[in-house]
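> from the sequence below, what's the structure:
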Amino acid sequence: MSVRAAIYARYSCDKQRPASIDDQVRQCRAEISRRGWDEVACYTDAEIAGSVTERRPGYQGMLSAARRREFDVIVVDELSRLSRDPEELAGLRKRLKFWGVHLRALDGLDTITAPEAAGPIMLVKSFISEAELAATAARTRRGQRGRILAGYHAGGAPYGYRSRPVHADRPGDPPGTGPVVGYELVIHEAEAEVVRRIFRLYAQGWSPRRIAAQLNAEGVPAPGAKWKGRTGVRRTWSHSAIQGDRKKGTGILNQEKYIGRLVWNRSTWLRDPERDAVRVRRERPADDWVVTQVESLRIVPEHLWEAVKERQARVALSPRGITGHKRERRLLSGLLVCSRCGGHFVLRGANTYGCSSRQNRGEAVCDCRVTVNAKRAEARVLEALQEMIYSEDVLDEVLERVRKRWLADRARRRARGTRAKDLRKQIAQVEIEIGRLVEALKAGVLVEDLRAEIERAQARRDALREELARVSRGRDISALKVLPKMVRRMIEGMQVMVESRKTAALRNILTRIVREIEVRPVENEGKKRPSAALIIRGNLRGAILLAVEKSRFGHSGGGIRTRDLRVMSPTSYLTALPRDRK
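Next comes the predicted model:
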């Protein structure tokens, strides 16, 4: 039986060549060809760091396929392509060993020929990769500090500036032809005038939201409007881009470069291991900052800067500016999405949702005037879920899909049973052959040839035993008839949670079975404000999986396994809410 091989390739950031993946795949295919294996899958991830795992679709797809034993070995160009995290690599090695999947890394790892050395090799290589990352980061920061102390700029250019290379031209050479020795900031006059206007408007009493709405109405390009990946409302001005954070020095109104004060090494970015390596900003002590004053880069006059700071201090002391407590999240927070602009609906007060784009960016960005009463929407969504999931047609469809999946699994198990019977017969024949060869060896007949024959027969027996172990895995699934009862019980439990005000636990369940809830305006004849139609885009598969998990069927012998229910399709449900009255 031929060995089935899967390839995995990855590169980290947009500064690397996309062809890097092609190079890795080419190397892996050469190894597969050399070993006589069959390539059955190729998984790739582009522009994703090796410390990230859950947000790598290619990597997660490879793990899911490995769990289903769709291939026998994973081939990578370097072990660091899988992960640079020692803990993740250690866990991966254990999972692959349990699933019966081998790993071949072209930089020196092969669990097929040297399974005993796999653990130490992976451990050493992962620590080396981690040390290389730390050393590279230290060298980069050391170089940036040197550039800063030499009078150059390190990092991106904020709104109002552009970064220009500085050349070390030799005497007599044309300007700008020498090697680049650093970069310097230069003022972009058109954007600088926008910055000064924002400062003037705020000093005159305008709010950041009103300023953002005015700039968007005039079509003024926002910071990062041309950045890669910026689409839709994200290309427009938001109040947060103007207001920022006074303590962190972020936002237009707090950018100290506008008064010629350049601060480097003010903060650092760390990856949160509990949130799949999401980058989190951390402020450094003031003693670590490198501060220089460059008056030629001043955009905002000192008196205007001071006027803005004075107003910020007054606002911070006002009742609306005091933010000592965090607003409690309601049941539908983060799930409601505007049909006009795609932005989220956020709480405007304690009990009313409104479009965040309209609120923070103005009517020029989104003209959705719908507001949603939170209590009314929560009750209607739960009611709609009950109506949808209690539907016999929906449950019948789910059961039919599960039944088809179960029948397909049973057919594969029967095929494995036939194959296992054949393998046992072949193993018995090989054992007889080995016994015959050993007896001949004892008799002293053609000793060298017999030893080679015995070794080949033993290798053949071991390969057959390994294949037998693979095809013998698998369990039956049962209890399909209890699925409707489990799902209905779960929905009834959600209503109990609402009555007992267990919002956090209920949100955890709701986000598993509802992907998003689109808020669509519905015009009412003779009325100024439209009402709202809520379109629930859910995942019935998630409801079934959650019911299975809560019933603990997945942990009992012969129970329903979540992987057998992975084929469910999303469902949608439309429900109308009456217009909120004020």
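> C-alpha only now, for contacts and for neighbours.
OK.
> make sure residue 357 is actually in contact with residue 232.
No. Taking Cα atoms under 8 Å as the definition, residue 357 is not a contact partner of residue 232, at 10.6 Å.
> which one's more surrounded, these two?
For residue 357 versus residue 232, the count of surrounding residues by other Cα atoms under 10 Å is larger for residue 357: 29 against 12.
> the host helix or strand of the more buried one - contacts with which helices or strands?
Residue 357 is part of helix 356-361, with elements assigned from DSSP states H and E. In terms of contacts (3 or more Cα pairs under 8 Å, 6 or more residues apart in numbering; DSSP states H and E), helix 356-361 is packed against helix 208-218, helix 239-243.
> dump the next helix or strand after the shortest one to PDB, restricted to CA.
Sequence order places strand 261-264 as the next helix or strand after helix 239-243, per DSSP H and E. What follows is strand 261-264, C-alpha atoms only, in PDB (Å, rounded to 0.1, in the frame of the first residue of the first chain):
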ATOM      1  CA  ARG A 261       8.400  66.100  19.700                       C
ATOM      2  CA  LEU A 262       9.600  62.700  18.500                       C
ATOM      3  CA  VAL A 263       9.200  59.800  21.000                       C
ATOM      4  CA  TRP A 264      10.700  56.400  20.200                       C
END
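> mind listing what's buried along the following helix or strand past strand 261-264?
Where DSSP H and E defines the elements, the next helix or strand beyond strand 261-264 is strand 267-272. Within strand 267-272, the residues that count as buried by 16 or more other Cα atoms under 10 Å are residue 267.
> what does strand 267-272 rub up against?
The contact list for strand 267-272 (Cα atoms under 8 Å, 6 or more residues apart in numbering) reads 277-284.
> which strands border the next helix or strand after that strand, and is each parallel or antiparallel?
Once the chain leaves strand 267-272, the next helix or strand it forms, by DSSP H and E, is strand 278-283. Strand pairing for strand 278-283, determined by DSSP bridges: strand 267-272 (antiparallel).
> and the strand it pairs with, how far from the chain's centre?
17 Å (Cα atoms, centre = their mean, to the nearest Å).
> how's the protein carved up into domains?
4-137, 326-411+477-582, 412-476 (automatic domain parsing).
> burial count for the nearest residue to residue 308 once chain neighbours are set aside?
Once flanking residues are discounted, residue 308 sits nearest to residue 203: 5.2 Å by Cα to Cα, 6 or more residues apart in numbering. Residue 203: 19 surrounding residues under other Cα under 10 Å.
> report the contact partners of residue 203.
The contact partners of residue 203, taken as Cα under 8 Å, 6+ apart, are 304, 307-308, 311.
> per-residue pLDDT, it?
Note on residue 203: pLDDT of 95.
> that one and residue 211: what is the separation?
As judged by Cα to Cα, to the nearest Å, residue 203 and residue 211 stand 11 Å apart.
> now do residue 373
28 Å.
> which one of these two has more residues nearby?
Counted by other Cα under 10 Å, residue 373 and residue 211 do not tie: residue 211 has more neighbours, with 23 against 19.
> follow-up on the earlier one: most neighbours, which of the contacts of residue 203?
Busiest of those [other Cα under 10 Å] is residue 308, holding 20 neighbours.
> so that one sits against residue 204, correct?
No. Using Cα under 8 Å, residue 308 is not in contact with residue 204, being 9.0 Å away.
> so what's in contact with residue 357 and residue 232 at the same time?
residue 341.
> could you find the closest non-adjacent residue to residue 57?
Here the residue nearest residue 57, using Cα to Cα, 6+ apart, is residue 45, at 7.0 Å.
> same check on residue 362?
In space, residue 362 is closest to residue 213, 4.1 Å off (Cα to Cα, 6+ apart).
> quick one: the one you found from residue 160, how far?
Distance from residue 213 to residue 160, counting by Cα to Cα: 19 Å.
> now do residue 102
Distance, residue 102 to residue 160, by Cα to Cα: 54 Å.
> next, give phi and psi for the residue nearest to residue 308.
For residue 203, the backbone dihedrals (degrees, to the nearest 10) come out as phi -60, psi -30.
> send me the helix holding residue 357 as PDB with only the CA atoms.
Output of helix 356-361 as PDB, limited to C-alpha atoms (Å, rounded to 0.1, in the frame of the first residue of the first chain):
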ATOM      1  CA  SER A 356     -21.700  52.400  14.800                       C
ATOM      2  CA  SER A 357     -20.800  53.700  11.400                       C
ATOM      3  CA  ARG A 358     -23.500  56.300  11.400                       C
ATOM      4  CA  GLN A 359     -22.800  57.200  15.000                       C
ATOM      5  CA  ASN A 360     -19.000  57.500  14.700                       C
ATOM      6  CA  ARG A 361     -18.500  58.400  11.100                       C
END
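> can you name the next helix or strand after that helix?
strand 371-373.
> what packs against that next one?
strand 352-355, strand 531-539.
> could the ones you listed go into CSV alongside mean neighbour count and distance to residue 75?
Below are the helices and strands packed on strand 371-373 laid out as CSV (neighbours: other Cα atoms under 10 Å; distance: least, Cα to Cα, whole Å):
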stretch, mean neighbour count, distance to residue 75
strand 352-355, 22, 48
strand 531-539, 21, 34
